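Participant: need coordinates for the following:
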Amino acid sequence: MTGNRTHMIEDFLASAGWAGADHATLAEDASFRRYERVTRGAERAVLMDAPPDREDVAPFLLIARALRENGYSAPAILAEDPAHGFLLLEDFGDDTFTRLLDSGVAAAGLYRLAIDLLVDIHSRNPAQIIPQGIATYDDDLFMTEVGLFLDWYLPAVLPDGLMVDAAQEFRSIWLRLLPGMRNVPDTLVLRDFHVDNLIHLKGREGVAACGLLDFQDAVKGPVTYDVISLLEDARRDVPDDLATRMRERYLSDFPQQDPAEFERSCAILGAQRHCKVLGIFTRLRDRDGKNGYLRHVPRLWRLLERAAGHPAMTELRAWLDEHVPADRRIVPPDRKAS
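Facilitator: From the prediction side, this is the model:
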């Protein structure tokens, strides 16, 4: 961070009534955003620093307000300077679901709360919960995301690269899968709905006890997306029996939903998401110098192989077997060191 931006932060905090507040850096984010906890006596808040040439805080503001208007626990906006990329947010504390799980808190209760929140959101009329101006998870976005697998991950693990015809067939397979993904209702999709971005809020009742973070990429899209994001987590093993119970809990609230179509959509979105994240985690290292995410590659391949085992995924499974054999389903070697 440049000295000039440091001065801009101090000016922003002063204008918000937080002059002289103490700062402490919070966890690294897989983006260009930075977060600091600011304290003033017993008061605490969170500073989001999103350089406007790299990030836009407008989507965060739009979604946060829509969530709060519907009774959900997005952080309150205490002060904002969108032109310079600064937000001062309500501090939800440190009880992320990840931290609670790591400390031994029973997983079932936390995952039930997260699933119940999704049920509540997905039960709303889409016109009520989806704010005007939000992007749609359309076919172009879907294909751009899955293309990250071709653009970043495969070049890092295939010494001889991938033939143009094979890359085109990969894209064609996904285009044929798209209709099966959409045989479920649309809703507000938070997109990064996993335990790192959920915080347990003591003193709040029902689904309001689930604090929400990192939702600025939200879109209008299939209800299955966030279910998969939660239960097929790129960063954490979710026991199979727990994931099954949570899917059953979700479906029990939507008896009109065809379970077979739901599972097909889950398989397609799951495989797409795991391909995308393999690309993103490789890009984070090769472009952004963030190496830590690649430790999750073995889990991502386990999840991708399982999703590709669904009967709807026969073509994708055959393509992977032909072009990415088992000995290439690896953590990408560091090309700078080779």
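Participant: can you tell me the element the residue nearest the centre of the chain falls in?
Facilitator: Averaging the C-alpha coordinates of the chain gives a centre point, and the residue nearest to it by C-alpha atoms, centre = their mean is Asp192 (1.8 Å). When secondary structure is defined using DSSP states H and E, no element contains Asp192, which sits outside every helix and strand.
Participant: go ahead and confirm His23 touches Glu36.
Facilitator: Yes - in this structure, His23 is within contact of Glu36 by C-beta atoms under 8 Å, at 4.8 Å. From N, CA and C alone the C-beta is placed, and that goes for glycine too.
Participant: what do the two both touch?
Facilitator: Shared contacts of His23 and Glu36, defined by C-beta atoms under 8 Å, 6 or more residues apart in numbering, comprise Leu47.
Participant: more neighbours, those two?
Facilitator: The residue with the greater number of neighbours, taking His23 and Glu36 and applying other C-beta atoms under 10 Å, is Glu36; the counts read 18 against 13.
Participant: which ones are touching that one?
Facilitator: Under the criterion of C-beta under 8 Å, 6+ apart, the neighbours of Glu36 are 23-26, 46-47, 49.
Participant: show me just the buried residues among these.
Facilitator: The neighbour count (16 or more other C-beta atoms under 10 Å) marks 46-47, 49 as buried among those.
Participant: so which bits of the host helix or strand of Ser172 are buried?
Facilitator: Element membership of Ser172, judged by DSSP H and E, is helix 164-181. Neighbour-count burial for helix 164-181 flags 167, 170, 173-174, 177, 180-181 (criterion: 16+ other C-beta under 10 Å).
Participant: quick one: the helices in this protein?
Facilitator: Residue ranges of the helices in the chain, as given by DSSP state H, are 3-15, 58-69, 97-102, 107-123, 126-129, 139-148, 154-157, 164-181, 224-231, 240-252, 259-286, 297-307, 314-323.
Participant: check the offset of the first one from the chain's centre.
Facilitator: Just to be clear, that refers to helix 3-15. Between the centre of helix 3-15 and the centre of its host chain there is 30 Å, according to C-alpha atoms, centre = their mean, to the nearest Å.
Participant: and if you look at the longest one?
Facilitator: With C-alpha atoms, centre = their mean as the basis, the distance from the averaged C-alpha position of helix 259-286 to the chain average is 11 Å.
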